[in-house]
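Q: build the 3D model from these lines:
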Amino acid sequence: MNNNDREILKFEIINEIKKVNEDIESYKKLVQPISPDNAIGRISRMEAINSKSINEAALRKAKESLSKLNQALSIIDEPDFGLCIICEEEIPVARLKIMPGTEYCISCAEKL
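A: Residues are numbered from 1 along each chain as shown. Just a heads-up that it's a prediction; the model follows:
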């Protein structure tokens, strides 16, 4: 991976981290406890509880994504960043843009 690709990827990771942090803050507001004395009907309350569960799952996924992005950003300047940990071939930049935390090329990921 050349330095230009590395800088572009670093910029995109930083922007994605900002976006994910904003998403996390939004999800945190949506997963607040639902008060039992809330004057909503039984069906509406069940829908609210279901919605809360969906948002909790989205929050967990966003936190996992943030962790992977931060990990990728912390090692992006390492000489072996962007190399598959199995075959040691270069991972295509397009794949790293989609999945910056990936450690596998497409071939090795398919084998797993």
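Q: please save the CA atoms from the helix or strand that residue 108 is a member of in CSV.
A: Per DSSP states H and E: residue 108 is located in helix 106-111. The C-alpha trace of helix 106-111 is given here as CSV (Å, rounded to 0.1, in the frame of the first residue of the first chain):
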residue,chain,number,x,y,z
ILE,A,106,-10.8,-12.2,0.3
SER,A,107,-9.4,-15.6,-0.5
CYS,A,108,-8.3,-16.4,3.1
ALA,A,109,-11.6,-14.9,4.5
GLU,A,110,-13.6,-17.2,2.3
LYS,A,111,-11.6,-20.2,3.5
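Q: buried ones in it?
A: residue 108 (16 or more other CB atoms under 10 Å). Where C-beta positions appear, they are placed from N, C-alpha and C, glycine not excepted.
Q: for residue 31, give me the pLDDT.
A: What the model reports for residue 31 is a pLDDT of 89.
Q: hang on, isn't it packed against residue 56?
A: Yes - using CB atoms under 8 Å, residue 31 and residue 56 qualify as a contacting pair, with a distance of 5.0 Å.
Q: could you pull out the helices for the chain?
A: 3-30, 42-75, 93-98, 106-111 (DSSP state H).
Q: which residues touch the spatially most central residue of the chain?
A: Taking CA atoms, centre = their mean, the centroid of the chain lies closest to residue 65, which sits 1.9 Å from it. Residue 65 sits next to residue 20 when contact means CB atoms under 8 Å, 6 or more residues apart in numbering.
Q: thank you kindly, that will do.
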